[in-house]
Each structure stands twice: as C-alpha cells, then as structure tokens.
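In: Got a sequence here, can you build the structure:
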Amino acid sequence: MITVKLPYKSTDKFQSVLIELRKQYSSIVRYAYNRYCEGFTQKEILADCNNKLNNVDKLSCFIKICGILEANQLWNRHNRKKDSKPIVFGGKWNFKQKCQGKITKEEFQDKRLLLLNIQAEKRIQGNRHFILDIIENNQLVFKLDRKHHYDLELPNLRQNIKKQLYKLQELNENKDTYYCYSIRLTDKNIYISFEEFKQELIEYIENRYIGIDLNPTNIGVSICEYQGNGKAKILATKQYDFKAIIDKIYQNKKSSNHEFTVYLNNKLDFETLQISKSISELSRYWKCKYIFIENLNFKTGKSTEKQSKGKNRLNKNLWKRNKFLQNLNKRCKINNQILKEVHPAYTTIIGNLQYDYVDPINASIEIGRRGYEFYIKKNKDSFYPAVKLKESIQHQWKEMGIDIQDESWKGLALKIKNLKFKYRVLLEECLHSYSSFSLSNNKKSKVILYNFD
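Out: All right, here's what the predicted structure looks like:
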C-alpha cells in the first residue's frame, strides 16, 4: 500500500464544512465502536445510526458506512490484544490533561476529531466522493453531494509522486481500469492511499506513429505505419471539430467576467483536455511509440499586427494549443511514449496536394511522415517528400498550364499563392466516406469526432 501525504489549499467555506463533517464522522466511529463491543452487527449499527443519531445529517450514507468500517477495524485490532484496556478516543494522556484542568474541554474535543476517511470504491472511478484533476489543474475535487463540490489545490509535486498520481488519474478515467484509492483529510493535509501499480507493459510497434495537425477550430489526427523508402500505410484518420464552441464565444456579447462567458471559456478548456485524453487513448490502442505534432511557437510581429481583430483573438486567446500540448506531453510521459515537435513549413500545402482526406488530416499525414523520417530515421534529406500531385487535381494543373517538373514545394507554394489556387480539401469535397458523433458519445459535448475510412 502506498500513502502520499500532501498539504493542500482550500477556501474558508470548505474548512468550516470540513470541521462539521469531521465532528459528525468522529461521532459515528465512536458510536459504532461501542456497539461492536456490545455485539451488534454492521447492519444493525447502520440502522441505529440512521434512527438514533440526530447530529449526523451532513454525512452521506456512504460516509457513514466508512465510519462504521473504521470502527470495525479499531474493534478487531483492539480485541486481538491480550489484556486490552478500553479505548479512550482523543488519547489517554490528553484525557488526563483535561481532567487535571491543564487543557480545556474545547481543546480536548478538538483532539478527539478523527480524520475524515473516505474509503475506496472501484465501480465509481476509484472513490465515490473525490475526482482526481491532477493532470489538468493539479487539484482534487471533493464531491460532498450533487450541489456542493470543493476544489482542493495541491502544491508543486515531486517527479516520483507526480508520476504515481498521474497514473492513478489516467487509470480512473477509463471505466475498464478503475483503480481504488482512499482519501483521509485534516484541515491542512490530504492522505491518498492506493495499492502499488502492477507493471503494465505495452509492446509499442516501433514503426507506428501518430501525426497531429493543430488548428484554432479543429485537430486532425492520422495513425500511420512506416513501410520504408518514405512510404507509410495509413491505418486510421480522425478529425476533432470544436467550431461550435468557438462560434458560441464569438456570438456571446456579454462581458468577460459574466457567468455565461466564464462557462463558455471553461467549456473550451475542458473540451481541449478531453481531446488530448482521447488522442492519448488512441495512441495506446494502436500501440504507437511516437507522436508528432506541429511546433507552433508564434512570434508577435508585423505579420500578426496586420491580422484582423477577430483573427488575432482566435489565434492568441481562444486557441488553447499550449494547454493541449502540455496535457498531451504529460500523458506521453506516463505511457512511456515519445512526443516530438515538427517544423510545420508547407505541411498544409504538401498534405492537401498529395492526399484526398480533409485539410487537417492531410496535413497531419505529412507532419507524421516528416517527424518519423527526420527524427527517427535521421534522414535529413527527406524533410520534404518528392514532389508529386494526387490524381484528383493533376488535370486541373494541366489545364492551367502548370508544369511541376523540376519544381520544389516552395516554388509550388509560391505559384499557388500567385494564382490563388484553391488547394484545401473541405469536408464536403472529401473522397473518403466518414461517420460522425459526439466526443466520448456524450450528448453534452460540443466536439464532433469524424472517423474516415
């Protein structure tokens, strides 16, 4: 069993709630322990707690059961000892101090307070009353009931603790791998207890990788398998479209601190992290060892100043690329995968002129190919692929009198710009069939996931 002790920060409101919960929980444990001594069963004690105790109304039924189970553990431990003496809750020394008038009754009652102990439950994400939100926000969420949720902010974690808690959260995000953990709370510290992880070995396929194309309103993903000589087999392609949220934010005319505006921004943050989680699960399913993504370190300058106000807002404020990248990087470290950032020069043009999927997926295929060739195969001469156009547009180029022989991708990009040639493949122009549904099959999700054949 591993137990991690961490200090935490919370609101004054939560601290006042916690004190009351600990008082009621301590009352349950003391009452249940005395009933065990009298020969009562667990079922009889629970019925008694509900009927006879009128000062435990803040506790859920499950927390009451946790208190009864803790009392049972104390009773079993106490009865195993020979010549055992009665338990004094709060400590015999403190009781003597109180009897001698050296400490007050209130001080002794404070010392009698037990830690609030929420035991593990596998079928509800490892614990009924807590949500692990460590990867995204470095916090735990205490769910007292449906209406009352409290954020417990954790400090900066050491690498070994961080890795363990990240793993614990990731396991409990998948209903097939729920992993139990117990929580004990004081007013200053939180204790997280869980069994040591069984070593899960994923045999990644060395020549399999994922390419990711990031855009302000969508993300293209392609899973490929390197075949040699610059060729790769496309195994699966997906597009995550969250334009609906962006449009709602644009249409919203309320102030930045308005409740609805805050909700929309939080929703965008949440969906961004959900996409990162989905791509991580996808990479594990396909056993991809490498993940390649665009290196989008924008520099402010004249080019950005010339952009419209709306475009600047979209690229600088609404586009959560850094949040997405940081979250994906954390998940790659947990899964022992390699994440590399690839220079994005002409990836959109090259992808759209070579493949018949939609624009972001076409670009992601080129990003993945470039990353594998450049970083894994160490073939620097293959930064750009050989110049070749897909069959569906070759006749258009011939009609326009454009000769691609001895032409570079940079030269083609310049010609496209001068001729204002439309090269991006839209969804309605895609030659591949596709299906669409909400991300994670959640009706509340504003992200549409497209799967292409």
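In: Now the residue lying farthest from the centre of the chain. Its backbone dihedrals?
Out: If you look at how far each residue of the chain sits from its centre, by Cα atoms, centre = their mean, the farthest one is Gln100, at 54.2 Å. The phi and psi values for Gln100, taken as degrees, to the nearest 10, are phi -90, psi 0.
In: Can you tell me how far it is from Glu107?
Out: Here Gln100 is placed at a distance of 13 Å from Glu107 (Cβ to Cβ, to the nearest Å). Every C-beta, even on glycine, is put in place using the N, C-alpha and C of the backbone.
In: which ones are touching the residue farthest from the centre of the chain?
Out: Listed by Cβ atoms under 8 Å, 6 or more residues apart in numbering, Gln100 has no contact partners.
In: how far away is it from Ala232?
Out: Distance from Gln100 to Ala232, by Cβ to Cβ: 81 Å.
In: next one: Lys167
Out: Distance, Lys167 to Ala232, using Cβ to Cβ: 31 Å.
In: Looking at those two, which is more packed in?
Out: Ala232 (21 against 16; other Cβ atoms under 10 Å).
In: Would you mind splitting this structure into its domains for me?
Out: 2-194, 205-386+423-452 (automatic domain parsing).
In: end-to-end on the longest one?
Out: Same thing as domain 205-386+423-452. From its first residue to its last, domain 205-386+423-452 covers 22 Å (Cα to Cα, to the nearest Å).
In: Just the mean pLDDT for that domain, thanks.
Out: Domain 205-386+423-452 comes out with an average pLDDT of 88.
In: Equivalent analysis for the first one, please.
Out: When the per-residue pLDDT values of domain 2-194 are averaged, the result is 84.
In: and it, how far apart are its ends?
Out: For domain 2-194, the end-to-end distance is 5 Å (Cα to Cα).
In: any chance of the domains of the chain in JSON lines, plus distance to Glu407?
Out: Listed next are those as JSON lines, based on distance: least, Cβ to Cβ, whole Å:
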{"stretch": "domain 2-194", "distance to Glu407": "46"}
{"stretch": "domain 205-386+423-452", "distance to Glu407": "11"}
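In: Out of the ones you listed, which is the most enclosed?
Out: Scoring the domains of the chain by mean neighbour count under mean count of other Cβ atoms under 10 Å gives domain 205-386+423-452 as the most buried, with a mean of 17.
In: which stretches of this protein form strands?
Out: Taking DSSP state E as the test, the strands found in the chain are 2-7, 116-118, 130-133, 139-143, 149-153, 182-185, 189-194, 205-214, 218-228, 231-241, 288-294, 338-342, 434-438, 448-452.
In: Can you give the strand pairings for the last one, parallel or anti for each?
Out: Neighbouring strands of strand 448-452 in its sheet, by DSSP bridges, are strand 231-241 (antiparallel), strand 434-438 (antiparallel).
In: Output those strands in JSON lines, with distance to Glu259 appended to each entry.
Out: Below are these laid out as JSON lines (distance: least, Cβ to Cβ, whole Å):
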{"stretch": "strand 231-241", "distance to Glu259": "26"}
{"stretch": "strand 434-438", "distance to Glu259": "24"}
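In: Looks like Ala244 contacts Leu439 (just checking).
Out: No: shown here, Ala244 and Leu439 do not form a contact pair, counting by Cβ atoms under 8 Å, at 11.4 Å.
In: Which neighbours do these two have in common?
Out: With Cβ under 8 Å, 6+ apart, Ala244 and Leu439 have common neighbours Ile448.
In: nearest to Thr41, of the strands paired with strand 448-452?
Out: Closest to Thr41 of these, according to Cβ to Cβ: strand 434-438, at 47.2 Å.
In: Could you export that closest one as CSV, CA atoms only?
Out: C-alpha atoms of strand 434-438 as CSV (Å, rounded to 0.1, in the frame of the first residue of the first chain):
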residue,chain,number,x,y,z
TYR,A,434,-16.9,9.1,-42.9
SER,A,435,-19.0,8.8,-39.8
SER,A,436,-19.5,11.5,-37.1
PHE,A,437,-20.6,11.5,-33.5
SER,A,438,-20.1,13.5,-30.3
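In: ok now it, how far from the chain's centre?
Out: Taking Cα atoms, centre = their mean, to the nearest Å, one finds strand 434-438 lying 22 Å from the centre of the chain it belongs to.
In: which one of the strands paired with strand 448-452 lies closest to Tyr384?
Out: Of all these, strand 231-241 sits nearest to Tyr384, with 15.0 Å by Cβ to Cβ.
In: How far does that closest one sit from its chain's centre?
Out: Worked out by Cα atoms, centre = their mean, strand 231-241 lies 23 Å from the chain centre.
In: Next, the angle from it to strand 288-294.
Out: 60 degrees (axes from the mean of the first three to the mean of the last three Cα atoms, to 10 degrees).
In: and for strand 231-241, what are the contacting residues?
Out: 208, 217-227, 275, 278, 282, 286, 357-358, 360-361, 364-365, 368-369, 372, 432, 439, 447-452.
In: 6 Å instead?
Out: 218-227, 275, 357-358, 360-361, 369, 447-452 (Cβ atoms under 6 Å, 6 or more residues apart in numbering).
In: what's the answer for stretch 314-324, then?
Out: Against stretch 314-324 from outside (Cβ under 6 Å, 6+ apart): 214, 216, 272, 276, 296.
In: Next: stretch 362-381.
Out: Stretch 362-381 is contacted by residues 209, 211-213, 220-222, 224, 226, 232, 292, 294, 340, 342, 347-348, 350-352, 355, 382-383 when judged by Cβ under 6 Å, 6+ apart.
In: next one: stretch 12-31
Out: 56, 58-59, 64, 67, 70-71, 89, 113-114, 116, 150, 187.
In: now do the same end-to-end measure for stretch 132-149.
Out: Using Cα to Cα, the two ends of stretch 132-149 sit 13 Å apart.
In: Revised request: answer the last question for stretch 433-445.
Out: 23 Å.
In: What of stretch 169-183?
Out: Termini of stretch 169-183 sit 14 Å apart (Cα to Cα).
In: Tabulate the strands of the chain (a markdown table), appending distance to Lys253.
Out: Output for those, formatted as a markdown table (distance: least, Cβ to Cβ, whole Å):
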| stretch | distance to Lys253 |
| --- | --- |
| strand 2-7 | 42 |
| strand 116-118 | 43 |
| strand 130-133 | 31 |
| strand 139-143 | 31 |
| strand 149-153 | 29 |
| strand 182-185 | 43 |
| strand 189-194 | 42 |
| strand 205-214 | 28 |
| strand 218-228 | 25 |
| strand 231-241 | 24 |
| strand 288-294 | 33 |
| strand 338-342 | 37 |
| strand 434-438 | 27 |
| strand 448-452 | 25 |
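In: who wins for proximity to Asp176 among the ones you listed?
Out: Nearest of these (Cβ to Cβ): strand 130-133, 16.7 Å.
In: Quickly list what the closest residue in space to Pro344 that isn't next to it in sequence is bridged to.
Out: Leaving aside its sequence neighbours, Pro344 sits nearest to Glu294 (Cβ to Cβ, 6 or more residues apart in numbering; 4.2 Å). Under DSSP bridges, the beta-bridge partners of Glu294 are Val342.
In: Next, the contact list for Glu294, please.
Out: Taking Cβ under 6 Å, 6+ apart, we find Glu294 in contact with 214, 344, 367.
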